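Peer 1: pasted the sequence and its predicted model underneath.
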Amino acid sequence: MYQIIKQILRTGIKTETPPQPDDALRVEVQNLQEQILRRVGSALAIRCVDAGSCNGCELEIHALNNAYYNIEGLGIHFVASPRHADMLLVTGPVSRHMEIALKRTYDATPEPKLVVAVGDCGCDGGLFGESYASCGKISNVIPVDVAIPGCPPTPTALLQGILTAVTSSKKTGP
């Protein structure tokens, strides 16, 4: 125990300096919120669907909710039901057992809906490809609007993909 305390005292505090307030970033966030409201008509509701992934992508998706990325501050939130969702965020190669469930989730999502394929497995089947146990990429089962490659993609890439789907959609508010 003494050795650990000695090492802590020798190392000192190792943290990053806190970011300074940036008015340009605040304006950019406000512009993104307005664009989401204009396209969707309210806050963007996302339903995450794990179609057979290794959970690497889910860890990065959960990071979007932390204080650093603050996706809720942009007017984007996650919902528990596809019936309340505007967008499906689908991860993993679609396993045969999840094929029907993914189709039902897609059908339960109200129109107009967006689908984002997350990770290399969702985009092209990854190292699993198509086999007796896997349907491969998500677009083999349901239509995909935006694909976010990476194994796993970073939270920044996820956020860019989500915003790309919103800004390229034909959906407009009431």
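Peer 2: Received, thanks.

Peer 1: given the strand ranked longest in the chain, what are its sheet partners and their directions?
Peer 2: Longest strand of the chain, by residue count under DSSP state E: strand 44-50. Using DSSP bridges, the strands paired with strand 44-50 in its sheet are strand 76-78 (parallel), strand 87-91 (parallel).

Peer 1: tell me which of these sits most buried.
Peer 2: Greatest average neighbour count among those goes to strand 87-91 (a mean of 27), per mean count of other CB atoms under 10 Å. The way it works is simple: take the backbone N, C-alpha and C, and place the C-beta from them, glycine included.

Peer 1: so how far is that strand off the chain centroid?
Peer 2: 7 Å (CA atoms, centre = their mean, to the nearest Å).

Peer 1: residues in contact with that strand: which ones?
Peer 2: By CB atoms under 8 Å, 6 or more residues apart in numbering, the surrounding residues in contact with strand 87-91 are 44-51, 53, 57-58, 61, 82, 102, 105-106, 109, 113-119, 121-122, 138, 142, 144, 162, 165-166.

Peer 1: now do 7 Å
Peer 2: For strand 87-91, contacts defined as CB atoms under 7 Å, 6 or more residues apart in numbering pick out 44, 46-51, 53, 57-58, 61, 82, 102, 105-106, 109, 113-119, 122, 138, 165.

Peer 1: also stretch 43-59?
Peer 2: The contact list for stretch 43-59, computed with CB under 7 Å, 6+ apart, reads 36, 61, 75-79, 81-82, 84-95, 98, 102, 105, 109, 118-119, 121, 134, 138, 151-153, 166.

Peer 1: buried ones among those?
Peer 2: In these, burial by neighbour count holds for 36, 61, 75-76, 78-79, 82, 85-95, 98, 102, 105, 109, 118-119, 121, 134, 138, 152-153, 166, counting by 16 or more other CB atoms under 10 Å.

Peer 1: from those, which land in helices?
Peer 2: Counting by DSSP state H, the members of the buried ones among the contacts of stretch 43-59 that fall within helices are 36, 61, 98, 102, 105, 119, 121, 166.

Peer 1: mind checking pLDDT for the first one?
Peer 2: Per-residue confidence for residue 36 comes out at a pLDDT of 71.

Peer 1: phi and psi next, for the residue nearest to it when sequence neighbours are not counted.
Peer 2: Counting by CB to CB, 6 or more residues apart in numbering, residue 36 lies nearest to residue 75, which is 4.9 Å off, once chain neighbours are set aside. Reported as degrees, to the nearest 10, the phi and psi values for residue 75 are phi 90, psi 20.
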